[in-house]
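**Student:** Build me a model:
(chains A and B)
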Amino acid sequence: MQATANEAQRARLVIVGNGMVGHHCVEQLIERGALARFELHVFAEERQRAYDRVHLSEYFTGSCAETLALCDRDYYASNGVHLHLGEAVLDIDRERQEVITAEGRLGYDQLILATGSYPFVPPIEGSSGNARLVYRTLEDLDAIRAAAGSARRGVVVGGGLLGLEAANALKSLGLQAHVVEFAPRLMPVQLDGEGGAALKARIEALGVGVHLARATQSISAGEHYRYRMNFDGGEHLETDLIVFSAGIRPQDALGRACGLEIAPRGGVVIDSQCRSSDPRIFAIGECASWNGSVFGLVAPGYAMARNLAALVMGESAGEFSGADMSTKLKLLGVDVGSIGDAQGVTPGARSYRFIDEASASYRRLVVDANGKRVLGAVLVGDNSYYDTLLQYAQNGIKLPADPAALILPQGSGAPALGADALPDSATICSCHNVSKGAVCAAIDGGCSDLASVKSCTRAASGCGGCAALLKQVFEHELTARGVTVDKSLCEHFAYTRQELYGLVRVEGIRTFSELLERHGKGHVGCAICKPAVGNILASCWNQPIMDPALVPLQDTNDTFMANMQKNGSYSVVPRIPGGEITPEKLIVIGQVAKKYDLYTKITGGQRIDLFGAQLHELPLIWGELIAAGFETGHAYGKSTRTVKSCVGSTWCRYGVQDSVAMALRLEDRYKGLRAPHKLKFAVSGCTRECAEAQSKDIGVIATDKGWNLYVCGNGGMRPRHAELFATDLDDETLVRLIDRVLMFYIRTADKLQRTSVWREGLEGGLDYLKQVVIDDSLGLARELETQMQQVVDRYECEWANALGDPEKLKRFRTFVNDQRADPDVHFVRERGQRRPAAPLQLIPTHEETM
Amino acid sequence: MNLSNTAVASETRWQAVCQASDLVADSGVVVWHAGEQVALFYLPGRDRQVYALENRDPRSGANIIGRGLVASLQGELVVAAPLYKQHFCLHDGRCLEDPTQALRVWTVRLRGGEVELARS
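**Tutor:** Model prediction:
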């Protein structure tokens, strides 16, 4: 058969719109082999091929158009689909069955409208330019970014889901963000009054201004900012830019122009097969109106696309029967969930509510009149309840005797719905309509890891909200099939780090060989278990790491208490607590560096790094540093590094507390503490945050009443803002809470896991951590404090300890039988200092840098 | 038993390089030997107690093998190179991850409180 002949015989299917739903429809058609029967054309108004609008705000935090794209660049071409980017369809000639673009006309046999929606901008006097931005496309985002360049403050009009996303985008552009909402609460569609109030409290705590029940009447020139928004009550708010996110309207202009039936509230009217009033024209997604409703979420749009693709291919297609508008989001970092009848409007519906005003958490469970089924739920502050509640609601699972337990804090033992309780028909991923049965089938079909289940079923590849549930189901099903999920540390220990920590603690084990003998295999250990156990022993008992039984466990940097560089030489970092140093000590560092010809550099942690020391020089260098009053800086260990600080109230006109004194206190307390990974701290003397505490594992920011504690932040490779953990603490409480957080981290984290990753993996999230640490829900607080005090009491400078013991110094010889230095270490001079000579490969072994 | 390698022929000539007390248990030290750097690993209490390998890491070009961590992987004794963590077999200097890398090995024994290397 000739390909060209085939081309001529194929019917022509035209899709207008290349958004998420239009793209999904193409995917579904390709999967069903539609290209054998149809010549497929896709017209897109935008120049960018389909991209992920759900995660649009990531465009401002590192994602680019390419990473947001929903398919590979050549996906359309390689599948034989004609993609017309940047070519808007201007009109539809229904009589001649042709679409009309600026380029010309193209006939169709069947036409699918997937034109989506456009942002609604209320007509307000004076609204233009930067006072009339919207948040919908990548081009819109480019415009916002350009406007933000010269701006300090930005306002979003609209406190719904998209509005809060837009506020987040403004915040990540460094603007002071405000949200103005017409309704008396945030997210009026998804939340009830209390839920809206909790969300408002949380968002305000993040520094975003929230203004409810305000209608903007006009926009005029501002005094302090570029514009002034005048509200109907006489109040006003000044700003440099305004983004409208006051709802969407179906993009139904083409349908209107060619005379298709349009719903009273907009949208091309469709039946349950997505067919418009013209049998050759279909509409899917946000441009369509089904039963008087337009669905502004991606899942129902995908369902329409799926059904329509099946219908077009003559398969038995499901009928669109409305959509579940349940949704789970992270808005401005705040968990928000809404399931089913969230407002409890079903006749006879009754509600259970849990309100925690202290942490601004809110949960509501709506059940039917006879208390048998979940009708809906509202969650603010903690979405860990969402998956279970959604399964109850969607599958009509009978409620437990005490339904309130489903929303009570989980420390009190809520009956979580296990993966085994779900029926095979339970939907795991609603974006791609993947049931538990489909996941099981994939596992039976040979998918042996989570990644292959995802690529096989596409579960968790839409909005990603079901990832945790999918993992749970996957692991449960593997276990049910007799496959054990191997969590062993290495070939010598069939335990996780957490389990080994428990064994060491409970059995009082002090050495590696003891632990290996009792709970491990073999006699030697390896490069995974030895440093991990060495680290656990140090966290528990804090014996000097140069003790003969501990020396062989350490990774090379811990062994020689210095950081090996690419040519085998070392760098040396003396502790400079809080970054405070006397001129005398500064001079000593300079003298030592000069004497041993060390390359000298200031670190990001407010101390000084001395590079280029050979092994045999380390004791000499440390002898001089210790004589001048320095201690080891532990730059080589998985341990406390620095407590960075600003000068605070002693010098700074803005400072409200003595941040240096607090930094000294914290550094003195936690120096020498070994943890699953390195620990960085900072203390800022006021809210200007010059010490950058919010990028640290432990961040402390002064308030006029005391200290705010932030936890689990990170800079470096995977930046993460620390989260506000407790506010207005006095000195003692602050230290007590840090003791508990750190010891709980040491006890429960995986090996080499930073606090940020640990926190993200913590079931129950920040609220759970607060319950354990602040409310002492596990009854652990005293124990954690005692354990920390033990480590603090046993502190000893490792270098001072080593210098006092000739046996320990034995190893600090480049050659044990010769006085010479390593003749292969060569330096050259550059910018007045020396640096390694040979062009060796780059290696990131030095971890002091930020 | 003091002989660490009984397979060596009787006419082998030995040279003492350092004292046994210079060794560090379950770890490595380095000796200067006829213009070369030799890393000595000491595992007391085992059938063979001393191993001698080239100190130069072929991947980084730095002389650091003697500062590596001694480990056992799938029943083989190995040393992990400090910079890139590749493993070399203590017996024959083979690299487990990359067959193109290998370390030279010396025949070595403990005798009379001294560490001796066989002269080639």
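
**Student:** alpha carbons only for contacts and neighbour counts from here, please
**Tutor:** OK.

**Student:** Against A:V573, how distant is the residue nearest to A:R226 when sequence neighbours are not counted?
**Tutor:** Among residues not flanking A:R226 along the chain, A:D240 sits closest, at 4.7 Å (Cα to Cα, 6 or more residues apart in numbering or on different chains). Taking Cα to Cα, to the nearest Å as the measure, A:D240 falls 46 Å from A:V573.

**Student:** Low-confidence stretches in chain B?
**Tutor:** Low-confidence regions of chain B, defined by pLDDT under 70, span residues B:1-11, B:120.

**Student:** Tell me the residues of it that contact chain A?
**Tutor:** Those residues of chain B that sit near chain A, judged by Cα under 8 Å from any Cα of the partner chain, are B:17-18, B:22, B:24-27, B:29-32, B:60-64, B:67-74, B:80, B:82-83.

**Student:** Pull out the buried members of those residues.
**Tutor:** By neighbour count, with 16 or more other Cα atoms under 10 Å in any protein chain shown, those hold B:17-18, B:22, B:24-27, B:29-32, B:60-64, B:67-73, B:80, B:82-83 as buried.

**Student:** for chain B, what spans make up the strands?
**Tutor:** With DSSP state E as the criterion, chain B has strands at B:14-19, B:27-33, B:36-42, B:50-54, B:69-73, B:76-80, B:87-89, B:105-106, B:108-111, B:114-118.

**Student:** For A:K436, find the nearest of these.
**Tutor:** strand B:69-73 (39.7 Å; Cα to Cα).

**Student:** Show me how far that closest one is from its chain's centre.
**Tutor:** Its chain's average C-alpha position is 13 Å from that of strand B:69-73, according to Cα atoms, centre = their mean, to the nearest Å.

**Student:** Distance of the residue of the stretch 501-650 of chain A found nearest chain B relative to A:W541?
**Tutor:** Minimum separation of the stretch 501-650 of chain A from chain B (Cα to the nearest Cα) falls at A:C526, amounting to 4.1 Å. Applying Cα to Cα, the value for A:C526 to A:W541 is 22 Å.

**Student:** These two: which is more packed in?
**Tutor:** More neighbours surround A:C526 than the other of A:C526 and A:W541, with 22 against 18 (other Cα atoms under 10 Å in any protein chain shown).

**Student:** show me the contacts for the more buried one.
**Tutor:** In this structure, A:C526 makes contact with A:492, B:69-73, judged by Cα atoms under 8 Å, 6 or more residues apart in numbering or on different chains.

**Student:** Save these as TSV, and put in distance to A:L553 too.
**Tutor:** Formatted as TSV, the contacts of A:C526 follow (distance: Cα to Cα, whole Å):
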residue	distance to A:L553
A:H492	14
B:L69	8
B:V70	9
B:A71	10
B:S72	13
B:L73	15
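
**Student:** among those, which two are most distant?
**Tutor:** Checking these against each other with Cα to Cα, the farthest-apart pair comes out as A:H492 and B:L69, at 15.5 Å.

**Student:** Burial check on the closest residue in space to A:G579 that isn't next to it in sequence, number of neighbours?
**Tutor:** Closest residue to A:G579 apart from its sequence neighbours, by Cα to Cα, 6+ apart: A:Q606 at 4.8 Å. Using other Cα under 10 Å, A:Q606 has 18 other residues around it.

**Student:** would you say A:Q606 is within a helix?
**Tutor:** No - with DSSP: H, G, I helix; E, B strand; the rest coil as the criterion, A:Q606 is assigned coil and is not in a helix.

**Student:** pLDDT score assigned to it?
**Tutor:** In the predicted model, A:Q606 carries a pLDDT score of 95.

**Student:** ok, now which ones touch it?
**Tutor:** Under the criterion of Cα under 8 Å, 6+ apart, the contact list for A:Q606 reads A:576, A:578-579, A:642, A:644.

**Student:** On the three-state scheme, A:V336 is what?
**Tutor:** strand.

**Student:** quick one: it and A:S361 touch, right?
**Tutor:** No - counting by Cα atoms under 8 Å, A:V336 stays clear of A:S361, with 10.0 Å between them.

**Student:** And those two? Which one has more around it.
**Tutor:** Counting neighbours by other Cα under 10 Å for A:V336 and for A:S361 shows that A:V336 has the greater number, 27 against 22.

**Student:** Name the nearest residue to the more buried one, ignoring sequence neighbours.
**Tutor:** If the residues on either side of it in the chain are set aside, A:V336 comes closest to A:V380, at 4.6 Å by Cα to Cα, 6+ apart.

**Student:** From B:G28, how far out is the one you found?
**Tutor:** 57 Å.

**Student:** same check, this time on A:S220
**Tutor:** Remark: distance between A:S220 and B:G28 (Cα to Cα) = 76 Å.

**Student:** Have a look at those two and say which one is more surrounded.
**Tutor:** More neighbours surround B:G28 than the other of A:S220 and B:G28, with 25 against 15 (other Cα under 10 Å).

**Student:** what's near enough to touch A:L503?
**Tutor:** A:I509.

**Student:** host element of it?
**Tutor:** Here A:L503, judged by DSSP states H and E, is contained in helix A:497-507.

**Student:** Backbone dihedrals for the residue nearest to A:G699 when sequence neighbours are not counted, both of them.
**Tutor:** Nearest residue to A:G699, sequence neighbours excluded (Cα to Cα, 6+ apart): A:A693, at 4.2 Å. When quoted as degrees, to the nearest 10, the phi and psi of A:A693 stand at phi -60, psi -30.

**Student:** wait, doesn't A:A693 sit right on A:C686?
**Tutor:** No - A:A693 lies out of contact with A:C686 (Cα under 8 Å); the separation is 10.7 Å.

**Student:** Mind checking which of those two has more residues around it?
**Tutor:** Neighbour comparison, A:A693 and A:C686: the larger count goes to A:A693, with 28 against 24 (by other Cα under 10 Å).
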